[in-house]
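# Okay, predicted coordinates and the sequence, questions at the end:
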Amino acid sequence: MKYLTIALAKGRLAELSVELFTKLGCDCGEILSKTRKLIFTDEKRALRFLLVKAGDVPTYVEYGAADIGVVGRDTLLEEGRNLYEMLDLGFGRCRMCVCGPAEMRERLNSTSTMRVASKYPHIAAEYFYGKKNMNIEIIKLSGSVELAPLTGLSDVIVDIVESGKTLAENGLEVLEEVCPLSARLIVNRVSAKTERERISRLIGEIRSLI
């Protein structure tokens, strides 16, 4: 049996993805159990699910280890992989924003040099260099980026914002929106041709739900 392999991002996106595929009649409930397994199969529909770190989903799809992936648009924009982005799944909605102290708002439209901290240096660079034509220094962080402007490490940050509660608790606010984000369905370029019928059918089913 030839499986269609789907890479899912661990965490909240996996939960929402499993909810979606379960509505399609897929047998994937075991993914959310406390098992240490990373590969799950639905024999009836010939589907195989891989549970991987969010940042690795585009890599698995680009190199063909997975035919399909579900991942946040933030990861796609940061990774810039060679694959097809087929569908906005509509869940996991949030925003990528420039955030910082309120007094930094005016400097975002000036020509002065700024330091920007972010987990997403590529997205930050595209926004400030490409769209705003500003001269900035980007500092890559992997932890709580909200700490950067509070300690003087950076002037502002570029990060994902959902409710904005963490920002408010730290005296920061959204200064500008970079782009809206949500979960996307991505497809390997070769699989899009060799498994065209099966993938098109699956995408059609998903579209009917969302």
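Arrived safely, thanks for sending. Residues are numbered from 1 along each chain as shown.

# Residues in a beta bridge with the residue nearest the centre of the chain, which ones?
With distances taken as C-alpha atoms, centre = their mean, the chain has residue 72 as the residue nearest its mean C-alpha position (2.2 Å). Here residue 72 sits in beta bridges with residue 183, going by DSSP bridges.

# my read: it touches residue 54, true?
Yes - between residue 72 and residue 54 there is a contact under C-beta atoms under 8 Å: 6.6 Å. In this view, the C-beta of every residue, glycine as well, is placed from N, C-alpha and C.

# low-confidence ranges in this protein?
Where the chain drops to pLDDT under 70, the residues are 1, 111.

# which residues in it form strands?
Listed in chain order, the strands of the chain (DSSP state E) span 4-9, 39-42, 47-52, 68-72, 84-88, 94-100, 114-118, 136-140, 156-161, 173-181, 183-187.

# Format those as TSV; extra columns: distance to residue 201.
TSV is the format used below for these (distance: least, C-beta to C-beta, whole Å):
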stretch	distance to residue 201
strand 4-9	10
strand 39-42	15
strand 47-52	12
strand 68-72	12
strand 84-88	13
strand 94-100	30
strand 114-118	39
strand 136-140	41
strand 156-161	33
strand 173-181	27
strand 183-187	13
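
# And for the residue lying closest to residue 113 once chain neighbours are set aside, the neighbour number?
Spatial nearest neighbour of residue 113, excluding adjacent residues (C-beta to C-beta, 6 or more residues apart in numbering): residue 135 at 5.0 Å. Residues lying near residue 135 (other C-beta atoms under 10 Å) number 11.

# Now for residue 72 and residue 54: what residues contact both?
Common contacts of residue 72 and residue 54 (C-beta atoms under 8 Å, 6 or more residues apart in numbering): 9, 13.

# quick revisit: figure out which of the strands of the chain is closest to residue 29.
strand 39-42 (9.1 Å; C-beta to C-beta).

# quick one, the longest helix anywhere in the chain and strand 68-72 angle?
Of all the segments of type helix in the chain, defined by DSSP state H, the longest one is helix 196-209. Here helix 196-209 points in a direction 40 degrees away from that of strand 68-72 (axes from the mean of the first three to the mean of the last three C-alpha atoms, to 10 degrees).

# ok now helix 196-209, how far from the chain's centre?
The chain centre lies 21 Å from the centre of helix 196-209; the measure is C-alpha atoms, centre = their mean, to the nearest Å.

# Show residues contacting that helix.
With contact meaning C-beta under 8 Å, 6+ apart, helix 196-209 is reached by 4, 20, 23-24, 67-68, 86-87, 89, 185, 187, 191-192.

# wait, which of the residues you listed is closest to residue 161?
Taking C-beta to C-beta as the measure, residue 161 lies nearest residue 89 of these, at 19.5 Å.
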